[in-house]
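Asks: Here is my input; please provide its structure:
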Amino acid sequence: MNPYVLMILLSSLGLGTTLTFASSHWLLAWMGLEINTMAILPLMAQQHHPRAVEATTKYFLTQATAAAMILFAATTNAWMTGEWDINNLSHPIASTMTLTALALKVGLAPMHFWMPEVLQGLDLTTGLILSTWQKLAPFALIIQVAPNTNPTLLTALGLFSTLVGGWGGLNQTQLRKILAYSSIAHMGWMIIILQYAPQLTLITLGLYILMTSTAFLSLKMASATKINSLTATWSKSPILTATTAMALLSLGGLPPLTGFMPKWLILQELAKQDLPATATIMALAALLSLYFYLRLCYAMTLTISPSTANATTPWRTQTTQLTLALALSTTTALGLLPIAPSIMALTA
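Replies: Below you'll find the model as predicted:
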């Protein structure tokens, strides 16, 4: 892709998200979401592969449907109450419809069916943008809409997403689909706690972006898209293999890694709110996700591909990929648990 075109598209991505962040009017927020969607479509289809074009078409149709629902809900609320302000979404029909549309945008279950299929058709770099940056603008609106929404709906979306994200990833062999179901599960953790402690939602979102960036960048460095291809990574780069395995365990929420922090804080808050059954279901759903992360770690660290030697191969060509972003994200994805009190103090 022409670097000038790429710069325009990436700038539009930033502009769309910033516009949604800064707006208090539904029309401006909707325009930001639309700019975001339009900017990422050429990035998704740049490979000119039938699978990429199919994924782009599915993504466009899904996001267009969600955007139309948001605009209709905002217009309905303005018709009923005379308010276009995002924080004054007081009509129950409009607030429920808006939350449903935003859940469709970020891939919350049961509106998640597009997410694994779309992510599977993309390259790892575009998949990283779709899994991280594209979540920011809709989540900013969800946080503002949540106080006016039925609490039962938020709890149901959160529980269903964590369960679907856990069960869906169990039988997958494609790494991008596994990361898609991981995204669905993490979205559920963010939504379940939103009505009780919005600051925990922000912490979980930030840490999810760090850990997912580490996973995508590591797999891109190893040129791995299937579980089978992970078995050959040890002979290429033992250090990368070890850090990737630990990053995946961090995504699964295993202590003492960073990913344990949001799950620990969320379960603690649910227990404070006298919701022991909900907390138990969430913890069990986390075990489902942990299982398929352990499968990936097993393939990477405890198996060796039959076509490779049982030793490292120093003669391989050195990679030309930039490793600074991977190094920074790996460090944060593995070692932030000790400063959990400081992070809580900053967001309080």
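
Asks: tell me the domain boundaries of the protein?
Replies: In the domain annotation for the chain, the residue ranges read 1-143, 150-308+321-338 (automatic domain parsing).

Asks: Make CSV from those domains and add mean pLDDT to it.
Replies: Converted to CSV, the domains of the chain look like this (pLDDT from 0 to 100):
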stretch, mean pLDDT
domain 1-143, 94
domain 150-308+321-338, 92
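
Asks: Now the ones you listed in JSON lines, please, with extra columns for distance to residue 344 and mean neighbour count.
Replies: The C-beta positions use only the backbone N, C-alpha and C, and glycine is treated the same way. As requested, the domains of the chain are arranged in JSON lines below (distance: least, C-beta to C-beta, whole Å; neighbours: other C-beta atoms under 10 Å):
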{"stretch": "domain 1-143", "distance to residue 344": "18", "mean neighbour count": "18"}
{"stretch": "domain 150-308+321-338", "distance to residue 344": "7", "mean neighbour count": "20"}
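
Asks: for the stretch 51-200 of the chain, what spans make up the helices?
Replies: For the stretch 51-200 of the chain, the helices defined by DSSP state H, counting those that start in this stretch occupy 92-106, 114-120, 124-131, 133-145, 151-168, 175-192, 198-222.

Asks: I'd like those written out as a markdown table, with distance to residue 240 added.
Replies: As requested, the helices of the stretch 51-200 of the chain are arranged in a markdown table below (distance: least, C-beta to C-beta, whole Å):
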| stretch | distance to residue 240 |
| --- | --- |
| helix 92-106 | 30 |
| helix 114-120 | 22 |
| helix 124-131 | 14 |
| helix 133-145 | 24 |
| helix 151-168 | 26 |
| helix 175-192 | 15 |
| helix 198-222 | 6 |
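
Asks: Make sure residue 106 is actually in contact with residue 135.
Replies: Yes. Using C-beta atoms under 8 Å, residue 106 is in contact with residue 135, at 5.4 Å.

Asks: shared neighbours, these two?
Replies: residue 187 (C-beta atoms under 8 Å, 6 or more residues apart in numbering).

Asks: Convert the C-alpha atoms of the one helix or strand residue 333 maps to to CSV, please.
Replies: Element membership for residue 333, per DSSP states H and E: helix 324-335. Extracted C-alpha coordinates of helix 324-335, given in CSV (Å, rounded to 0.1, in the frame of the first residue of the first chain):
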residue,chain,number,x,y,z
LEU,A,324,10.6,-2.3,20.3
ALA,A,325,6.8,-2.5,20.5
LEU,A,326,6.9,-6.2,21.2
ALA,A,327,9.5,-5.8,23.9
LEU,A,328,7.6,-3.0,25.7
SER,A,329,4.2,-4.8,25.5
THR,A,330,5.7,-8.1,26.6
THR,A,331,7.3,-6.4,29.7
THR,A,332,4.0,-4.8,30.7
ALA,A,333,2.0,-7.9,29.9
LEU,A,334,4.1,-10.0,32.3
GLY,A,335,5.1,-7.7,35.2
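
Asks: tell me the contacts of residue 167?
Replies: The contact partners of residue 167, by C-beta under 8 Å, 6+ apart, come to residue 288.

Asks: start at 53 instead
Replies: Understood, numbering begins at 53; the last thing we discussed is residue 219.

Asks: any idea how far it lies from residue 340?
Replies: Here residue 219 is placed at a distance of 6 Å from residue 340 (C-beta to C-beta, to the nearest Å).
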